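Engineer: Fold the following for me, if possible:
(2 chains)
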Amino acid sequence: MYEIINKQSLNPTVTLMEIMAPLVAAKAEPGQFIILRVDENGERIPLTIADYDREKGTITIIFQIVGATTEKLNHLEVGDHLQDFAGPLGKPTETEGLKKVAVVGGGVGCAIAYPVAKKLHELGCEVHSVVGFRNKDLVILEDEFKGVSDKLCMMTDDGSYGEKGLVTNALKSLIDAGNLYDEVIAIGPVIMMKFVCQLTKEYGIKTVVSMNPIMIDGTGMCGGCRLTVGGETKFACVDGPDFDGHLVDFDEAMSRGAMYRDFERHAYEETCNLFKKGE
Amino acid sequence: MPNMSLTKNPMPSQAPDVRNKNFQEVALGYTEEIALDEAARCLNCKNSPCVSGCPVNVHIPDFIKKIVEKDYEGAYQVIAESSTLPAVCGRVCPQETQCESKCVRGIKGDPVGIGRLERFVADRHNELANAEVKIPASNGHRVAIVGSGPSGLTCAGDLARLGYKVTVFEALHTAGGVLVYGIPEFRLPKAIVAREVELLKKMGVDIETNIIIGKTLTIDELFEKGFEAVFIGSGAGLPNFMNIPGESLKGVYSANEYLTRSNLMKAFRDDPDTPIMKGGKVAVVGGGNVAMDAARTALRLGADKVYIVYRRSMEELPARKEEVEHAIEEGIDFQLLRNPVEILGYKNPDDPRDPKNGFVTGMRVQKMELGEPDAKGRRRPVPIEGSEYELEVDAVVMAIGTSPNPLIKNTTEGLEVNPRGGIIVNEDGLSSRENVYAGGDAVTGAATVISAMGAGKTAAAAIDKALKG
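Structural biologist: Numbers count the residues shown, from 1 in each chain, chains lettered A, B, ... in the order given. Model prediction:
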């Protein structure tokens, strides 16, 4: 069992939890993920590692409440335990040798983009962060990004905070202003990553994306997380989750991500009703 | 006097049209009366050819003799000398190609029902035995086992009995490996596997779940932690696909995913936390035990129609005979000498946001005929030009084999593997790395439970010899 030692609500739908998992914390690197189960009979869900503390032996996860499992997870408090917590899985984001990078985060994807930006900053890389949210209430990790970025562009869809517009607008301006990036790292909703890649392809800038498809085991066994990358089938859990964004078939990834949408919606509603009854 | 009946006592089973709608065990097991009748068919041959057909050399005539004497616990002890998991083997071993294929009674008539008798003995022991377990005196040596499937559990059991302090590392949240995620409840109840695992724990074996060797810890770190030898029984994890168009459509599963969702994640229950596609028409591609398991699972999940699509004929089906018979009885439609060439999906030309887009609607299938035998002597399937047609299906399960998982190889320097990714070992199960042993599907690629157990046993003996030197 894995104890929750810290819990923070970052916004009404996004929660941060710090979990005691020393073996995972000893190895974790930015870009890797864990698989957890909230309770016995619970489903296994992958979550990308948002931060780690090797000395304390903890892993930080940041999740958006989107379905039954994340709803149940959000009902746990400090001192409660998770049934299962396994990792670190997948390959770490490649950060070595980069001199200037634009890190693009969208929504809760910023939780995964942040440790990458932090690592790059620690390695002495010039980091330009572009983060986007639907509105001001949903903004997370602003101070954290400020602390590790040489430049931070805050974007909101409705202009209620930072600049109005999409992350691609800000990224385009940065590139057009003469910033020469070794690489763009984009992490967020699949549709956002798709459009970032369309933009950077025009400019010929290498772009790495972090995919988060449906998974069960996370070790290469089920093949449920398969993606088409450059015409080849890849398993996000062992070959990724980072891939060359100019080669990923995003439309297919979006379609596969919606495979159980009806089931998930139903399960979410049932879980919410259950908690309401309990209150 | 031996019972000279030429036919094996049939296995009492749930009726086909009942069992194809539930997940309870199909075969109900011999009663005492039937077991005694069947045991009396054994001639107790002096040279006992059946023993040579068993990968772990269970002393078959000896245990059957104990049944005749109604000393059922004695029979169990005979089996337990050679096999760690009798209740499992009695259910899932392909006896017709192993022990029973060598039985003298099989020359004229049916061989003795050795597997069914093994199961009878094991189940009876499990029902009646008191929970007392002898805890062996420790010899102070520590051994790490990677993977809690049949090879790992066997190796752990044998070493624990010799006094070793054994820790088993399992990547998933439940111990048992393929016995838990792969083989369905209706063929191998999970309570039986759980019981075997509990027995090992009582003997002092530690089982650490949620630890992925090659990720959470490496083989080298296990040695740093004080383990003196490591046995890798990590199985053949990676599912193979056919590399035909349409395999990324929604509704196409690997058998690993499909069975793991149903078995390990309990998606078969009425109100599961983990989803799986239920109902409709399902095509399972492949002809092995895994294909039969997937097809029969689909039926029990409520499919209206389930096809097995296999490129050779009934004769070449690699699945255990009993499973094929059960599948036919339950109403699985065998599309033999057929090979998929494309999986077809829904695409609404007017609405790219139609939620039905991207779901499987059918499969293009090509007819095959058998040509010349290949190197293994199996006749090669040859496509018949112009014979393609469409099969209407809602889901496709690819059960065409697996390859060894590269996680351990990639993080263990000096561990040699063959071109297919299997760990290279000598006859003792020793790999190219000192004190690192391996066995089961991680070495051979997808094979049987019992051959994996045999490998775990061989390695345990070799580890004992090496460490006590």
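
Engineer: hey, let's count contacts and neighbours off CA atoms from now on
Structural biologist: Fine.

Engineer: which residues of chain A score low on pLDDT?
Structural biologist: Regions of chain A meeting the criterion pLDDT under 70 cover residues A:278-279.

Engineer: Look up which residues are beta-bridged to residue A:132.
Structural biologist: Beta-bridge partners recorded for residue A:132 (DSSP bridges): residue A:106, residue A:155.

Engineer: my bad, should have said residue B:333
Structural biologist: According to DSSP bridges, the residues that bridge with residue B:333 are residue B:307.

Engineer: likewise residue A:210?
Structural biologist: When bridges are taken as DSSP bridges, the partners of residue A:210 come out as residue A:242.

Engineer: if I pick it, what's in contact with it?
Structural biologist: The neighbourhood of residue A:210, defined by C-alpha atoms under 8 Å, 6 or more residues apart in numbering or on different chains, consists of A:31, A:186-188, A:240-243.

Engineer: do residue B:340 as well
Structural biologist: B:285, B:309, B:363-366.

Engineer: So which of those residues belong to strands?
Structural biologist: Of the positions in the contacts of residue B:340, B:285, B:309, B:363-366 sit in strands, assigned by DSSP state E.

Engineer: how close does whichever residue of chain A sits closest to chain B get to residue B:146?
Structural biologist: Ranked by C-alpha to the nearest C-alpha, the top residue of chain A for proximity to chain B is residue A:222, at 4.3 Å. Note on residue A:222: its distance to residue B:146, by C-alpha to C-alpha, to the nearest Å, is 19 Å.

Engineer: can you pull the contacts of the residue of the stretch 351-469 of chain B found nearest chain A?
Structural biologist: Taking C-alpha to the nearest C-alpha as the measure, the stretch 351-469 of chain B has residue B:358 as its residue closest to chain A, at 6.5 Å. Shown in contact with residue B:358 (C-alpha under 8 Å, 6+ apart): A:255-256, B:249-250, B:345-347.

Engineer: Kindly report the same for residue A:216.
Structural biologist: A:44-46, A:222, A:224, B:257, B:261.

Engineer: Could you list the contact residues of the stretch 1-150 of chain A toward chain B?
Structural biologist: Neighbours of chain B within the stretch 1-150 of chain A, by C-alpha under 8 Å from any C-alpha of the partner chain: A:23-24, A:27, A:41-43, A:84-89.

Engineer: from these, which is closest to residue B:102?
Structural biologist: residue A:41 (43.7 Å; C-alpha to C-alpha).

Engineer: Residue A:7 against residue A:59, yeah?
Structural biologist: No: under the contact definition of C-alpha atoms under 8 Å, residue A:7 does not touch residue A:59, with a separation of 12.0 Å.

Engineer: any common contacting residues for those two?
Structural biologist: Contact with both residue A:7 and residue A:59 is made by residues residue A:18, according to C-alpha under 8 Å, 6+ apart.

Engineer: Output the contacts of residue B:340 in CSV; the columns should cover distance to residue B:413 and neighbour count.
Structural biologist: As requested, the contacts of residue B:340 are arranged in CSV below (distance: C-alpha to C-alpha, whole Å; neighbours: other C-alpha atoms under 10 Å in any protein chain shown):
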residue, distance to residue B:413, neighbour count
B:285, 37, 27
B:309, 41, 25
B:363, 43, 23
B:364, 44, 16
B:365, 44, 20
B:366, 45, 21
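
Engineer: Keep only those of the residues of the stretch 1-150 of chain A next to chain B that are in helices.
Structural biologist: A:23-24, A:27 (DSSP state H).

Engineer: Among those, which one sits closest to residue B:21?
Structural biologist: residue A:24 (41.9 Å).

Engineer: helix, strand or coil for the residue of chain A closest to chain B?
Structural biologist: The three-state assignment at residue A:222 reads coil, by DSSP: H, G, I helix; E, B strand; the rest coil.

Engineer: neighbours around it, how many?
Structural biologist: Other residues lying near residue A:222 total 25 when counted by other C-alpha atoms under 10 Å in any protein chain shown.

Engineer: and residue B:465, how far is that from residue B:289?
Structural biologist: Residue B:465 is 35 Å from residue B:289, where distance means C-alpha to C-alpha.

Engineer: Those two: which has the busier surroundings?
Structural biologist: Neighbours were counted for residue B:465 and for residue B:289 using other C-alpha under 10 Å; residue B:289 has more, 21 against 10.

Engineer: Show the buried residues in the residues of the stretch 1-150 of chain A next to chain B.
Structural biologist: Under a neighbour-count criterion of 16 or more other C-alpha atoms under 10 Å in any protein chain shown, the subset of these counted as buried comprises A:23-24, A:27, A:42-43, A:84-89.

Engineer: Could you give me the buried positions within the longest helix along chain A?
Structural biologist: As far as residue count goes, and with DSSP H defining each element, the longest helix of chain A is helix A:261-278. Of the residues in helix A:261-278, those scored as buried under the neighbour-count criterion (16+ other C-alpha under 10 Å) are A:264, A:267-268, A:271-272.

Engineer: That one close to chain B?
Structural biologist: Yes: in this structure, helix A:261-278 sits against chain B according to C-alpha under 8 Å from any C-alpha; the contacting residues are A:263, A:267.

Engineer: Quick one: list the elements packing against that helix.
Structural biologist: With contacts taken as 3 or more C-alpha pairs under 8 Å, 6 or more residues apart in numbering or on different chains; DSSP states H and E, helix A:261-278 sits against helix A:68-74.
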